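**Q** Would you be able to build a 3D model of this:
(2 chains)
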Amino acid sequence: MAITKRSEDYSQWYLDIIKGAKLAEHSPVKGCMVIRPNGFAIWEKMQRLLDDMLKETGHVNAYFPLFIPKSFLSKEAEHVEHFAKECAIVTHYRLKAAEDGSLVVDENAKLEEELVIRPTSETIIWSSYKNWIQSYRDLPLLINQWANVVRWEMRTRLFLRTAEFLWQEGHTAHRTYDEAEEEALLILGIYKKFAEEFMAMPVYVGVKTESEKFAGADHTYTIEAMMQDKKALQAGTSHHLGQNFAKAFDVKYRDEDGEQKYVWATSWAVTTRLLGALIMTHSDDKGLVLPPKLATKQVSVVPIWRTDDARANVIEYSMKLKAALSERGITSYVDDRDDRSPGWKFNESELNGIPLRLELGPKEVTSGTVVVCRRDTGVKESFSFNEMPEKATALLADIQTNLFNRAREFRDSNTFDVQTYDEAIEVVKTNSGFARAFWNGSTEGENKLKNIQASVRCLLSNDGTETGKCIVSGENATRKAIIGKSY
RNA sequence: CGGGGCGUAGCACAGCCUGGUAGUGCGCUCGGUUUGGGACCGAGAGGUCGGAGGUUCGAAUCCUCUCGCCCCGACCA
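**A** This next block holds a predicted model:
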């Protein structure tokens, strides 16, 4: 059920799917995205689930300004060097009418200090933390915000890299390096769990190389997924910021021993890119495929009739079914529009990724049955009306599992363990997926990969039992790298 | 910023090479028949052919300029 239609032009294909399912579209504003209600509903559900996971682990939400004084950004050297290249800047606060009636910028309303529209909020948040943190008793500080950010990318791509995007960004402060490390790993685990259990998207978990890490971080953890065209997508990152921002913003606390110490920090984020990841992991030629746990409507009920009498009857049964499903916590809708044929409704629910479709016509009413069709496999079955709700629960669970297993098998069968650099190149060049190999983390090795548009996606976690030779330097290495092309 | 491609009806496109009444499919409106995998028939509405200039009796078509979009690279969640 994978993609066949446009595999040679995957990005165009998935744009078609998105358009068909009316999830999003390019905005009149260059590089930006309009998220339609259908798409936003999925994002809202993802937000809710992730927010719950964060709150369960002691995080709280807050909100910080959209505008950042330009000078703040320059306080952390690596940070500014990276983000300066892609900032939108507010320079004036007023327009006026020109002589020809058009609106022009009022040069008298020039800001003394320009404001940067946040590309990320470390700097504005740490300027607050300076005042909030005085004592070790104020730590840890575990704050998250849901917000929009702007990065003026040279090239944008719907969902995956828009000029403005929505995200959650966590910013925490801790007493010790180890405590910050624990936090960064806790979040990494939450991201992995969210991706795999809710999105049914398997991810490789690891650490970024020096050249790929977040600007201003000590080190960056990442979850990396494989899309159906075998390219990698960075799906979430968790950064250990060391004391870089604490020092840049002079955030110190008085410890138990009476000493003034800089705090240790983390930051972490996932974005509306996850919507793209979801689409590109599961969808097929018929349209979206949504994992049941993220589908806002899990079941579509299609009543089928010819006559008005039959119509009243099948709709009554459909409503009963919807109520029975609702009692089991399954969300559904009855598609009783009489200006669309059943075939049209079948196709539409598939386009929109509804995990289960129930068909209910005069035949079923007579026999006391319901036909059910699952989105992931297309398999149709018939169950008695009374056992349907129970079967639906089981089927939804099975679809959730099946989507994950299917995606994992795809990824695993397209990840190749290689022993030499040439083999790794071969894997990437033939678009066969990911190469996995020992890597000692040299920047020189990474630069070689750039020549073929590949990169080290992450260095996998290391249980210490296996060692080997780095495929670039030949030196001993303890970690394996995932190498591939990425979005 | 470099290299390609494309701008024609709400959407997808043909027509351009070789200048001569503005086309097709989907969608939309109306009428009828239909409805178990995107129904069918008939009638109808809808376009300054991205913009400006030029060549010509005549330009969607040829020439020049310009604006915009998409793709590929550098950049990136």
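
**Q** And A:T467, how far from RNA strand B?
**A** Distance of A:T467 to RNA strand B, computed by C-beta to the nearest atom of the strand, to the nearest Å: 29 Å. C-beta coordinates here come from the backbone N, C-alpha and C atoms, glycine included.

**Q** give the contact list for the closest residue in space to A:T162 that isn't next to it in sequence.
**A** Counting by C-beta to C-beta, 6 or more residues apart in numbering, A:M33 is the residue found nearest to A:T162 once chain neighbours are left out, at 4.4 Å. Contact analysis of A:M33 by C-beta atoms under 8 Å, 6 or more residues apart in numbering lists A:24-27, A:158-159, A:162, A:164-165, A:272.

**Q** same question, A:L139
**A** A:L139 is in contact with A:133, A:173-175, A:253, A:263, counting by C-beta under 8 Å, 6+ apart.

**Q** Quick check on the closest residue in space to A:E169 that isn't next to it in sequence: phi, psi?
**A** Once flanking residues are discounted, A:E169 sits nearest to A:A269: 4.5 Å by C-beta to C-beta, 6+ apart. Main-chain dihedrals, A:A269, degrees, to the nearest 10: phi -160, psi 150.

**Q** residues near A:A269, how many?
**A** Residues near A:A269, counting by other C-beta atoms under 10 Å, number 23.

**Q** repeat for the one 4 residues further on
**A** For A:R273, the tally of surrounding residues (other C-beta under 10 Å) stands at 22.

**Q** farthest residue from the center of chain A?
**A** A:E99 (48.4 Å; C-alpha atoms, centre = their mean).

**Q** So, low pLDDT: which residues of the stretch 1-150 of chain A?
**A** A:1-13, A:15-16 (pLDDT under 70).

**Q** Helices of that one, start to end?
**A** For the stretch 1-150 of chain A, the helices defined by DSSP state H, counting those that start in this stretch cover A:10-21, A:37-56, A:70-73, A:77-83, A:122-132.

**Q** buried stuff in the fourth one?
**A** Pointing back at helix A:77-83 there. Neighbour-count burial for helix A:77-83, counted by 16 or more other C-beta atoms under 10 Å, picks out A:79-80, A:83.

**Q** got it, and the shortest one?
**A** Neighbour counts using 16+ other C-beta under 10 Å place A:70, A:72-73 of helix A:70-73 among the buried residues.

**Q** does any part of that helix sit near RNA strand B?
**A** No - applying C-beta under 7 Å from any atom of the strand, one finds helix A:70-73 out of contact with RNA strand B, separated by at least 14.9 Å.

**Q** for the residue nearest the centre of chain A, helix, strand, or coil?
**A** Nearest to the mean C-alpha position of chain A, by C-alpha atoms, centre = their mean, lies A:L274 at 2.1 Å. Following DSSP: H, G, I helix; E, B strand; the rest coil, the label given to A:L274 is helix.

**Q** Next up, the contacts around it.
**A** Shown in contact with A:L274 (C-beta under 8 Å, 6+ apart): A:46, A:195, A:199, A:235-236.

**Q** per-residue pLDDT, it?
**A** A:L274 is assigned a pLDDT of 95 by the prediction.

**Q** Up against RNA strand B, what does the stretch 301-450 of chain A have?
**A** A:304-306, A:338, A:340-344, A:346-348, A:350-351, A:357, A:359-364, A:371, A:373, A:378, A:380, A:450.

**Q** From those residues, list the buried ones, please.
**A** A:304-305, A:346, A:348, A:350-351, A:357, A:359-362, A:364, A:371, A:373.

**Q** Name the nearest of these relative to RNA strand B.
**A** Using C-beta to the nearest atom of the strand, A:G361 comes nearest to RNA strand B of these, at 2.3 Å.
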